[in-house]
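Student: Sequence first, then the predicted structure, then my questions.
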Number of protein chains: 2
Amino acid sequence: MDDPTNAFIPGPRVRIEGATHGPLHGLTFAAKDLFDVAGHPTGGGNHDWARTNPVPTRHAWAVQTLLDAGATLIGKTITDEVSLGILGENAFDGTPLNSKAPDRVPGGSSSGSAAAVAAGLCDTALGTDTGGSVRVPASFCGLYGIRPTHGRLELSGMLPQAPMSDTTGWFARDPETFARVSSVMLGEEIPATLPSHLIVAVDAFGFADAEVAAALRPMVDRLAALIGSARDELMAPQGLSVWSRAQRTLQPVEAWQTFRPWVERDNPRMAFNVARGLVAGSMIGEAEREWAGLMRQEARGRMAYLLPPGTILCLPTTPFPAPKKGLPLAVLNLLRARISCLCSHGGLTGVPQVSLPGAAVEGVPIGLSIVGGRGSDATLVAVARAMAGSRYVA
Amino acid sequence: MDDPTNAFIPGPRVRIEGATHGPLHGLTFAAKDLFDVAGHPTGGGNHDWARTNPVPTRHAWAVQTLLDAGATLIGKTITDEVSLGILGENAFDGTPLNSKAPDRVPGGSSSGSAAAVAAGLCDTALGTDTGGSVRVPASFCGLYGIRPTHGRLELSGMLPQAPMSDTTGWFARDPETFARVSSVMLGEEIPATLPSHLIVAVDAFGFADAEVAAALRPMVDRLAALIGSARDELMAPQGLSVWSRAQRTLQPVEAWQTFRPWVERDNPRMAFNVARGLVAGSMIGEAEREWAGLMRQEARGRMAYLLPPGTILCLPTTPFPAPKKGLPLAVLNLLRARISCLCSHGGLTGVPQVSLPGAAVEGVPIGLSIVGGRGSDATLVAVARAMAGSRYVA
């Protein structure tokens, strides 16, 4: 099968028909190659992972859930190596196409899933989001994407990275498909009632490029009109970079715990930058970990205070649109650090987040995110649907 | 003398009658074994301290002040080793009883003083508070406890730990005794006028266990009704864990300066965790100390800004009620780290604080603290007295 988008993993494309009845009957989906499909090796974005790990005998929960609801699996998609990447350039499998900006990266680590949906090759696709791996490609590729409440969905059959932060998310091009899939995955109707209070995270807008904040302004105005009220607040009074520092302490420590047995047993070949990240995670000291855990506690308290039921918050999903492909490592690492400042609240506090398409800087997409309190996932999807409806009204 | 509470130090109990006239005549008190009593060795919670230090020839200022006011000293109480502990488990002298929760620690380092008052063995008791050593046992044992403005009271004859943070405090079971003793110790009438503005430290409530915040809610509501206004504010915009980090840099450095000559001269036997704390203090680098000093300056500025005359702030004294006795060291150290996030503002900024009893989580006491600007000690005591009066009104 020819694949000009380079969204799918190399080799024959797996296809499994969905149930003949169900709310998603007629839809197609792809699964990031971190999700198990029975009888097919899980690649994990690293060629030694499949070689050194058993072929799964059961579908991952997320795959099974979509199949049971009637959706048909049409392939597995490229991911950054063992989900340790945020830009979508895999040293071994290449870079999936960002259809809306072909000279740009698609974002990662759910790069192929975003690319496949953006190119119209399937209706929805599964990704994972530990530190931004659904939200960032959604922003860069101009898609709807969700990071659900941490701990809400079953993660069995999903290759883990940092269990305190890991989630399963998904993408869609249009709000109705996004709502249909979300309702099935969340096991909950998408409500008709919208929140009544909107917080604009002024620290996050201030941290983003000025052109991004300007490009998102009309969407924020529409959102405020839809919700009926808006107020400015700091999301992270201690500092977005401080929350990021805490998450970039806790997450690599956990990632090292996750992958250490594999690394020590199988000595896998990895891209230098991925290996460096794992080594760095192994060297973080106890005092720093302790502090990061306390800051996580503070951040959780902050989100619980800001986001009672009926209140949502908005921020730019990423501080800039998709960067050019093939930038030098030093530049990429700086960009990753900036992205982390706008994404770390997810892994740190576990709140759900939806990235909405609809804005662009010089033609390159940029997402606006909405965040709610723990468990408010379906409400965020409702807002996403209502925003799309309001586009032609406001 | 039999002592089922294990509040008092081993051996014959010291007793010194108070003056025959005075505002505290008829009251009894105990003194933490960090305060000098003339003719009796000061134990300091470490069996080598008394052996290697001279027997004092004068009473500590705080002891003399209470005796002069008519109170009678009835004993010296167990303390965490050289005040380096916050939970109240002394490896050599055991754990004083928490009368309201016998399977729980009493809190430290003024553990025996809190235990003696809580058990009704005396009316008040002297403690010291550098990083929470009066406030924490007050919270855990369900007592009134005060940490006065740093530098306000004379500390002569009190075994020091970290002079930039050390204070002398005291406990009582009831608000009238608390006010009488406070008036004598502060050398000031307890005023009739109450503050007119209350700040609810939302970061601190968000950091505490959710059950603690819920349990304290009725007290906060009564306090707001008493003061007549309340608003939400962050106490530590830079982060409670950041203030804690600064204090846990500055305090151990000073503690090492304080105890280093003794350690190097006498090689005392210490509990591992206490020795580890001193060693850690000896190894903190200059850059970290410099940063911590700057953060202290910021924290002081924040408190001065938040707390002009007429404004007080409330927060949970501790993030959780007294933990079970005998937990493993790794767990205890994490609990200490969390406690420090709600207590470090005291040692860092020098503001006075009173912990009020009156709430519980599953029957275990938890304190609500009120904090005022420097010098507002008597006003805080007035609020404590008024709160007790309002209990039956609101």
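Tutor: That came through, no problem.
Student: Number of residues surrounding A:Gly85?
Tutor: Counted with other C-beta atoms under 10 Å in any protein chain shown, the neighbours of A:Gly85 add up to 27. C-beta: built from backbone N, CA, C; applies to glycine.
Student: now do A:Gly301
Tutor: By other C-beta under 10 Å, 22 other residues sit near A:Gly301.
Student: do stretch A:222-233 and chain B meet at all?
Tutor: No. Counting by C-beta under 8 Å from any C-beta of the partner chain, chain B is not contacted by stretch A:222-233; separation bottoms out at 11.1 Å.
Student: Report the spatially closest residue to the residue of the stretch 101-250 of chain A found nearest chain B, excluding sequence-adjacent ones.
Tutor: Of all residues in the stretch 101-250 of chain A, A:Gln238 sits closest to chain B, at 3.7 Å by C-beta to the nearest C-beta. Using C-beta to C-beta, 6 or more residues apart in numbering or on different chains and skipping the chain neighbours, the partner closest in space to A:Gln238 is B:Gly239 (3.7 Å).
Student: show me what contacts the one you found?
Tutor: Counting by C-beta atoms under 8 Å, 6 or more residues apart in numbering or on different chains, B:Gly239 touches A:Pro237, A:Gln238, A:Gly239, A:Val242, A:Met295, A:Glu298.
Student: List the residues that contact A:Met164.
Tutor: A:His150, A:Leu250, A:Glu254, A:Gly347.
Student: what do you get for A:His25?
Tutor: A:Gly18, A:Ala19, A:Ala69, A:Gly70, A:Ala71.
Student: Contact residues of chain A facing chain B?
Tutor: Checking chain A against chain B by C-beta under 8 Å from any C-beta, the hits are A:237-239, A:242, A:290-291, A:293-295, A:297-298, A:300-302, A:304-305.
Student: Could you rerun that using 6 Å?
Tutor: Chain A has residues A:Pro237, A:Gln238, A:Glu290, A:Trp291, A:Leu294, A:Met295, A:Gln297, A:Glu298, A:Gly301, A:Ala304, A:Tyr305 near chain B, with proximity defined as C-beta under 6 Å from any C-beta of the partner chain.
Student: I'd say the first one and B:Leu234 touch.
Tutor: Yes. Under the criterion of C-beta atoms under 6 Å, A:Pro237 is in contact with B:Leu234, at a separation of 5.4 Å.
Student: For burial, what's the neighbour tally of the closest residue to A:Glu89 other than its chain neighbours?
Tutor: Leaving aside its chain neighbours, A:Glu89 sits nearest to A:Thr95 (4.7 Å; criterion: C-beta to C-beta, 6+ apart). Neighbour count of A:Thr95, defined by other C-beta under 10 Å: 21.
Student: follow-up on the earlier one: backbone dihedrals for the residue nearest to A:Gln238, please?
Tutor: The phi/psi pair for B:Gly239 (degrees, to the nearest 10) reads phi 120, psi 130.
Student: so how far is A:Gly326 from it?
Tutor: As judged by C-beta to C-beta, to the nearest Å, B:Gly239 and A:Gly326 stand 38 Å apart.
Student: Could I get the contacting residues of A:Cys141?
Tutor: Each residue near A:Cys141 by C-beta atoms under 6 Å, 6 or more residues apart in numbering or on different chains is listed here: A:Asn98, A:Pro106, A:Ala114, A:Ala118.
Student: Ok, A:Ser244 next?
Tutor: Counting by C-beta under 6 Å, 6+ apart, A:Ser244 has contacts A:Ser340, A:Cys341, A:Ser344.
Student: same deal with A:Leu315?
Tutor: A:Ala201, A:Ala204, A:Ser369 are the contacts of A:Leu315 under C-beta under 6 Å, 6+ apart.
Student: wait, doesn't the first one sit right on A:Met235?
Tutor: Yes. Using C-beta under 6 Å as the test, A:Ala201 is close enough to A:Met235 to be in contact (3.9 Å).
Student: Quick check: A:Leu307 touching A:Gly373?
Tutor: Yes. Taking contacts as C-beta under 6 Å, A:Leu307 lies within contact range of A:Gly373: 3.8 Å.
Student: Any buried residues in stretch A:14-27, and which?
Tutor: A:Val14, A:Ile16, A:Gly18, A:Gly22, A:Leu24, A:Leu27 (16 or more other C-beta atoms under 10 Å in any protein chain shown).
Student: what's the answer for stretch A:93-103, then?
Tutor: In stretch A:93-103, counting by 16+ other C-beta under 10 Å, buried: A:Asp93, A:Thr95, A:Pro96, A:Leu97, A:Asn98, A:Ser99, A:Lys100, A:Ala101.
Student: TSV for the residues you listed, including pLDDT and secondary structure?
Tutor: Below are the buried residues of stretch A:93-103 laid out as TSV (pLDDT from 0 to 100; DSSP: H, G, I helix; E, B strand; the rest coil):
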residue	pLDDT	secondary structure
A:Asp93	95	coil
A:Thr95	97	coil
A:Pro96	98	coil
A:Leu97	98	coil
A:Asn98	98	coil
A:Ser99	98	coil
A:Lys100	98	coil
A:Ala101	98	coil
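Student: Grab the two from the residues you listed that are most spread out in space.
Tutor: A:Asp93 and A:Lys100 (21.0 Å; C-beta to C-beta).
Student: nearest residue to A:His345 other than its sequence neighbours?
Tutor: A:Trp243 (6.0 Å).
Student: tell me the contacts of the one you found?
Tutor: Listed by C-beta under 6 Å, 6+ apart, the contact partners of A:Trp243 are A:Ala236, A:Ala299, A:Ser344, A:His345, A:Leu348.
Student: List phi and psi for it.
Tutor: phi -60, psi -40.
Student: if we can go back for a sec, and the contacts of A:Met164 as CSV, adding secondary structure, pLDDT and neighbour count?
Tutor: CSV is the format used below for the contacts of A:Met164 (DSSP: H, G, I helix; E, B strand; the rest coil; pLDDT from 0 to 100; neighbours: other C-beta atoms under 10 Å in any protein chain shown):
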residue, secondary structure, pLDDT, neighbour count
A:His150, coil, 98, 22
A:Leu250, helix, 98, 24
A:Glu254, helix, 97, 19
A:Gly347, helix, 98, 28
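Student: all helices for the stretch 151-300 of chain A, in order.
Tutor: Under the criterion DSSP state H, counting those that start in this stretch, helices of the stretch 151-300 of chain A are mapped to A:175-186, A:202-207, A:210-227, A:240-266, A:272-282, A:286-306.
Student: With just CA atoms, put the first one into PDB.
Tutor: When you say that, I think you mean helix A:175-186. Taking C-alpha atoms only, helix A:175-186 is exported to PDB below (Å, rounded to 0.1, in the frame of the first residue of the first chain):
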ATOM      1  CA  PRO A 175     -16.500  18.200  15.700                       C
ATOM      2  CA  GLU A 176     -19.300  15.700  15.100                       C
ATOM      3  CA  THR A 177     -16.900  12.800  14.600                       C
ATOM      4  CA  PHE A 178     -14.900  14.000  17.500                       C
ATOM      5  CA  ALA A 179     -18.000  14.000  19.700                       C
ATOM      6  CA  ARG A 180     -19.200  10.600  18.500                       C
ATOM      7  CA  VAL A 181     -15.800   9.000  19.200                       C
ATOM      8  CA  SER A 182     -15.400  10.800  22.500                       C
ATOM      9  CA  SER A 183     -18.800   9.600  23.700                       C
ATOM     10  CA  VAL A 184     -17.800   6.000  23.000                       C
ATOM     11  CA  MET A 185     -14.400   6.300  24.500                       C
ATOM     12  CA  LEU A 186     -15.600   8.200  27.600                       C
END
